[in-house]
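Q: turn this into a model:
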Amino acid sequence: MDKISIAGLALGIASIVLGQILEGGHVGSLVQPTAFLIVIGGTLGAVMLQSPLAVFLTGLKMGKWVFMPPTTDPEVLILQIGRWSHMARKEGLLALEAQIASVPDPFMQKGLQLLVDGAEPDRLRDVLEVEIGAYEEQMKLSAKIWESAGGYSPTIGILGAVMGLIHVMENLSDPSKLGAGIAVAFVATIYGVGAANLIFLPVAKKLLANISRLVAMREMFVDGLVGIANGDNPRIIESRMQGYIV
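A: Numbers count the residues shown, from 1 in each chain. Presented below is the predicted three-dimensional model:
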């Protein structure tokens, strides 16, 4: 659980609500279902329009990474590569074939299989780096639906404000209906700008940071396999992999 994400979201929302109270306003005035429907529904529709279904669904699923990021443990990976390196030096590359089934990640399975099959180090790196590039591009494309939502929601909020003002203008002869129209107008703007800067854009940045960590882990893995393929000393391989850890 990413506690700083929870704390940041709670702090941002609480600051706005507390500011409203300190200004003498009522919290209930910030709750406008109509404005919420316009902003969130309009933003969701715009993002769906620009995105292929697979990309859109993957991006939504990745949203949970903000609070429950994917597990990455570079130290464990370094120890694992170190064990494989010692095994390859003592028993040969074919001894690593028995390790393939115990590796849960398909990417790592593929890399280890190529190593066991005797792929040349440069060829091994080329094949796996192409897959890393495709993986990174796909993940970033999915994560950027949140960034797109951050771009659309303020504009949709302005659209909601204009709609509220139109409602006001239509009911100038009935003062009892003016308050609701004005409330929707201003709260829609708050929802649009607030959602973009408190939720959508921060979520996009957090997801991109998680993707960078996952890509770095894959690059570490490839570097370790290439070291084994070259017959490098296990200590040298581990030392080089340590350089990826910031």
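Q: what about the helices in the protein?
A: Using DSSP state H, the helices found in the chain span residues 3-22, 33-36, 42-50, 53-62, 74-91, 106-116, 121-170, 178-195, 201-230, 234-242.
Q: how far away from the center of its chain is the longest one?
A: It refers to helix 121-170. On the basis of C-alpha atoms, centre = their mean, to the nearest Å, the separation between the geometric centre of helix 121-170 and that of its chain is 10 Å.
Q: angle of it against helix 106-116?
A: Here helix 121-170 runs at an angle of 170 degrees relative to helix 106-116 (axes from the mean of the first three to the mean of the last three C-alpha atoms, to 10 degrees).
Q: tell me the angle helix 121-170 makes with helix 201-230.
A: Compare the direction of helix 121-170 with that of helix 201-230 by the same axes, to 10 degrees and you get 170 degrees.
Q: now the most centrally placed residue in the chain, nearest residue through space, not along the chain?
A: Centroid check for the chain by C-alpha atoms, centre = their mean gives residue 207 as the closest residue, at 1.9 Å. Leaving out its chain neighbours, the residue that sits closest to residue 207 by C-beta to C-beta, 6 or more residues apart in numbering is residue 143, at 3.9 Å. (Glycine included, C-beta is placed from N, CA and C.)
Q: that neighbour: how many residues sit nearby?
A: Counted with other C-beta atoms under 10 Å, the neighbours of residue 143 add up to 24.
Q: lowest-scoring secondary structure element of the chain by mean pLDDT?
A: Sorted by mean pLDDT, DSSP states H and E, the helices and strands of the chain end with helix 178-195, the least confident at a mean of 81.
Q: give me the helices and strands touching that one, please.
A: Using 3 or more C-beta pairs under 8 Å, 6 or more residues apart in numbering; DSSP states H and E as the contact criterion, the neighbours of helix 178-195 among helices and strands are helix 33-36, helix 121-170.
Q: mind listing what the residue nearest to the centre of the chain touches?
A: 62-63, 65-66, 143, 146 (C-beta atoms under 8 Å, 6 or more residues apart in numbering).
Q: mind checking which of the helices of the chain is nearest residue 100?
A: Relative to residue 100, the nearest member of these by C-beta to C-beta is helix 106-116, separated by 5.2 Å.
Q: quick one: the closest one to helix 74-91, angle?
A: 20 degrees.
Q: just the C-alpha atoms of helix 106-116, please, in PDB.
A: What follows is helix 106-116 as a C-alpha-only set of coordinates in PDB (Å, rounded to 0.1, in the frame of the first residue of the first chain):
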ATOM      1  CA  PRO A 106       6.900 -14.700 -19.100                       C
ATOM      2  CA  PHE A 107       9.500 -12.100 -20.100                       C
ATOM      3  CA  MET A 108      12.100 -13.600 -17.800                       C
ATOM      4  CA  GLN A 109      11.200 -17.100 -19.000                       C
ATOM      5  CA  LYS A 110      11.800 -16.100 -22.600                       C
ATOM      6  CA  GLY A 111      15.100 -14.500 -21.700                       C
ATOM      7  CA  LEU A 112      16.300 -17.500 -19.800                       C
ATOM      8  CA  GLN A 113      15.200 -19.800 -22.600                       C
ATOM      9  CA  LEU A 114      17.200 -17.800 -25.100                       C
ATOM     10  CA  LEU A 115      20.200 -18.000 -22.800                       C
ATOM     11  CA  VAL A 116      19.900 -21.700 -22.500                       C
END
